[in-house]
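S.K.: Could you work out the structure for the sequence below:
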Amino acid sequence: MKSPFLAVALTCGLAVPAIAAPLCDDLGFAGLLAACNRGDPIEVTLASGKPLGEDVTLQSGAYYKMNITADGSAELALVGPEFFRAIWMNEIVINKIEIRPMAIDSLEFDDAGTAELSFIAIKPGTHVLRIPGSTGETQQIKISIQ
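M.R.: Residues are numbered from 1 along each chain as shown. Here you go, the predicted structure:
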């Protein structure tokens, strides 16, 4: 059912902001974590002198997994407090250990390994994950939440 404001706005020809919705209509018992509400996985690679990955666009209200893989070529970190505050973090999995944090600012890899982040995109906007201290375009990834 549409709200009275939305009905009046549509009738009067007023601009109506885009309404973000989950990726599926029947979320079922699992809610936003339902299988039908999952977006494509996001791949990020931490390697000395290599690009982090492709810029991505996410849907607000949808569930995503981000795989951050370090090749061990250097001690590297990934920072993005604006992005981490624009999502609801479900968990971070490292070596089959599940961590359910309240918030994070960054992840740092001293050796090769993979961290899997699962989250729901919440706050619309464009956010940047980057290697701290770097200035190159390939040393960052832009994540847009719509």
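S.K.: Excluding chain neighbours, give the residue nearest to Ile42 in space.
M.R.: Met66 (4.2 Å; CB to CB, 6 or more residues apart in numbering). C-beta coordinates here come from the backbone N, C-alpha and C atoms, glycine included.
S.K.: Buried residues of the strand or helix carrying Asn67, list them for me.
M.R.: Applying DSSP states H and E as the criterion places Asn67 in strand 63-70. Residues 63-66, 68-70 are the ones in strand 63-70 that count as buried (16 or more other CB atoms under 10 Å).
S.K.: Which other helices and strands does it contact?
M.R.: Here strand 63-70 touches strand 42-46, strand 106-109, strand 113-121, going by 3 or more CB pairs under 8 Å, 6 or more residues apart in numbering; DSSP states H and E.
S.K.: now the angle from the longest one to strand 42-46?
M.R.: This points to strand 113-121. Relative orientation of strand 113-121 and strand 42-46, computed by axes from the mean of the first three to the mean of the last three CA atoms, to 10 degrees: 140 degrees.
S.K.: what packs against whichever helix or strand comes after strand 113-121?
M.R.: Using DSSP H and E, the helix or strand that directly follows strand 113-121 along the chain is strand 125-130. If you count contacts as 3+ CB pairs under 8 Å, 6+ apart, strand 125-130 packs onto strand 76-79, helix 81-84, strand 140-145.
S.K.: which residues does the residue most central in space within the chain form a beta bridge with?
M.R.: Nearest residue to the geometric centre of the chain (CA atoms, centre = their mean): Ala121, 5.6 Å. Ala121 has these beta-bridge partners by DSSP bridges: Ile87.
S.K.: okay, and the helix or strand of this structure with the least pLDDT?
M.R.: The weakest-scoring helix or strand in the chain, judged by mean pLDDT, DSSP states H and E, is helix 4-12 (a mean of 47).
S.K.: so what's Leu76 closest to, chain neighbours aside?
M.R.: Leu46 (4.4 Å).
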